[in-house]
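# what would the 3D arrangement of this be:
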Amino acid sequence: MGRVIVVGAGVVGLTCAVRLLEAGHRVDVVGRDLPLESTSAVAAALWYPYRALPQDRVTAWARTSYAVFEALGAPVEYGGSPDAGVRLLVGTEVFTDHRPEPWWRDAVPGLDRETSLPEGYRDGWTFTAPVVEMPLYLRWLTARVLDLGGTLTRLNLAALPEGADVVVNCSGLGSRLLGSDRSVVPVRGQVLYVEQVGLDRWWLDGAGPTYVVPRSGDIVLGGTDQEGEWSRTPSPDDARDILERAGRLVPALRGARVLRHKVGLRPVRPAVRLERSGHVVHCYGHGGAGVTLSWGCADDVVGLVGDPG
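Residues are numbered from 1 along each chain as shown. I've put the predicted structure just below:
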């Protein structure tokens, strides 16, 4: 049984750990931040390939992840996992001008032009997408790692660790240091959570970006896309702007009670880095699509790590 250390305890690192454990490896996950402290915990986690390239690989990874989330979100009598916090919800992406079908079209089973659009919009498409409630899902992933015999340890690293057959680097923005890669940069995303007002479908306007993602007990509203900004402190101005945009997109949200504010830093890179270099497999730079690409990338990581031996 080969020993693998996975660096990074966000959604990508935990998913890679699960797949490696399932393949028979001995896996230890280490990270400065524990799962519920990671950027992943902030995510609205609507399945959507956002700020991630290249298009062909991202489409393939997103398609694989969609299938896994579809299975997790199925009714329990059909093999679903209710504790995972995954639901399949219909929603609509809208535009103020006509658009061709998205480049990731092949990653979703069905996508239809939408003719019933909010005021001010001229085009859009409707499809069913996984919505992942991240606190629940990160707990579920962590439990999978531990149940399969893996470990999870808080560890603040100055360099990638030694003492393993393979190290899998899923450190996101930490790869600026651990991977000596200055091409990965923060893109600040602020969200706020409002009370659930009976909304059961998601909405997205990429121009903002504005997104409205309902969960079981609240609704996530976003967002911002501020490249190079490191601040994790919520901005009152950004919050007001998000509320205004979300209310225009979904008028039922006007007056909804705000529960809390959060900021996450997306690890954006010109292209996702998923490759092996010596005894290190790099898997980072997923932008705003860590959840969306997680299972597809994890499968490729298992292939690069190789047989447990």
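
# show me where the stretch 1-150 of the chain has its helices.
For the stretch 1-150 of the chain, the helices defined by DSSP state H, counting those that start in this stretch cover 11-22, 55-72, 134-147.

# residue contacts, residue 19?
295, 298-299, 301-302 (CB atoms under 8 Å, 6 or more residues apart in numbering). Just so you know, the C-beta spots here come from the backbone N, C-alpha and C atoms, and that holds for glycine as well.

# out of those, flag the one nearest to residue 282.
Using CB to CB, residue 301 is the member of the contacts of residue 19 that lies nearest residue 282, at 9.4 Å.

# show the pLDDT at the closest one.
pLDDT, residue 301: 98.

# just checking, what packs against the helix or strand it falls within?
Per DSSP states H and E, residue 301 falls inside helix 290-305. Helix 290-305 sits against helix 11-22, helix 55-72, strand 166-169, strand 258-277, strand 280-286, with contacts defined as 3 or more CB pairs under 8 Å, 6 or more residues apart in numbering; DSSP states H and E.

# go with 10 Å
The contact analysis (3 or more CB pairs under 10 Å, 6 or more residues apart in numbering; DSSP states H and E) places helix 290-305 against strand 3-7, helix 11-22, helix 55-72, strand 123-132, helix 134-147, strand 166-169, strand 258-277, strand 280-286.

# what mean pLDDT does the fifth one get?
When pLDDT is averaged over helix 134-147, the result is 98.

# my guess is residue 92 meets residue 201, correct?
Yes: using CB atoms under 10 Å, residue 92 is in contact with residue 201, at 7.3 Å.

# the more surrounded of these two?
residue 92 (20 against 15; other CB atoms under 10 Å).

# burial of the closest residue to the more buried one other than its chain neighbours, as a residue count?
Distance criterion CB to CB, 6 or more residues apart in numbering; nearest residue to residue 92, sequence neighbours excluded, is residue 126 at 4.6 Å. Residue 126 sits with 18 neighbouring residues when counted by other CB under 10 Å.

# and residue 126, what is it in contact with?
Residues near residue 126 by CB atoms under 10 Å, 6 or more residues apart in numbering: 90-94, 110-116, 201.

# which of those count as buried?
By neighbour count, with 16 or more other CB atoms under 10 Å, the contacts of residue 126 hold 91-94, 111, 114 as buried.

# now for those residues: which two are most distant?
Distance extremes for the buried ones among the contacts of residue 126: the farthest pair is 94 and 111 at 13.6 Å, using CB to CB.

# now do the shared contacts for the two.
125-126.

# just give me the neighbour total for the nearest residue to residue 276 once chain neighbours are set aside.
Spatial nearest neighbour of residue 276, chain neighbours left out: residue 304 (4.5 Å); criterion: CB to CB, 6+ apart. Neighbours of residue 304 under the rule other CB under 10 Å: 16.

# pretty sure residue 304 sits against residue 282.
Yes: applying CB under 10 Å as the test, residue 304 and residue 282 come out as touching, 9.2 Å apart.

# overlap in contacts, those two.
168, 274-276.

# so which pair among the residues you listed is furthest apart in space?
Across these, the longest distance by CB to CB is 11.6 Å; it joins 168 and 275.

# would you list the helices and strands packed on helix 290-305 in CSV and tack on distance to residue 219?
CSV is the format used below for these (distance: least, CB to CB, whole Å):
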stretch, distance to residue 219
strand 3-7, 32
helix 11-22, 21
helix 55-72, 20
strand 123-132, 11
helix 134-147, 14
strand 166-169, 34
strand 258-277, 9
strand 280-286, 24
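
# and of those, who's closest to residue 43?
That would be helix 134-147 among the helices and strands packed on helix 290-305, by CB to CB, at 5.4 Å.

# can you name every helix or strand that the helix or strand just after that closest one contacts?
Next along the chain after helix 134-147, taking DSSP H and E as the criterion, comes strand 151-154. In this structure, strand 151-154 packs against strand 3-7, helix 11-22, strand 26-31, helix 134-147, with contacts taken as 3+ CB pairs under 10 Å, 6+ apart.

# same list, those, but as TSV with distance to residue 265 please.
As requested, the helices and strands packed on strand 151-154 are arranged in TSV below (distance: least, CB to CB, whole Å):
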stretch	distance to residue 265
strand 3-7	17
helix 11-22	14
strand 26-31	15
helix 134-147	15
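
# distance check, residue 59 against residue 52.
Look at residue 59 and residue 52: by CB to CB, to the nearest Å, they are 10 Å apart.
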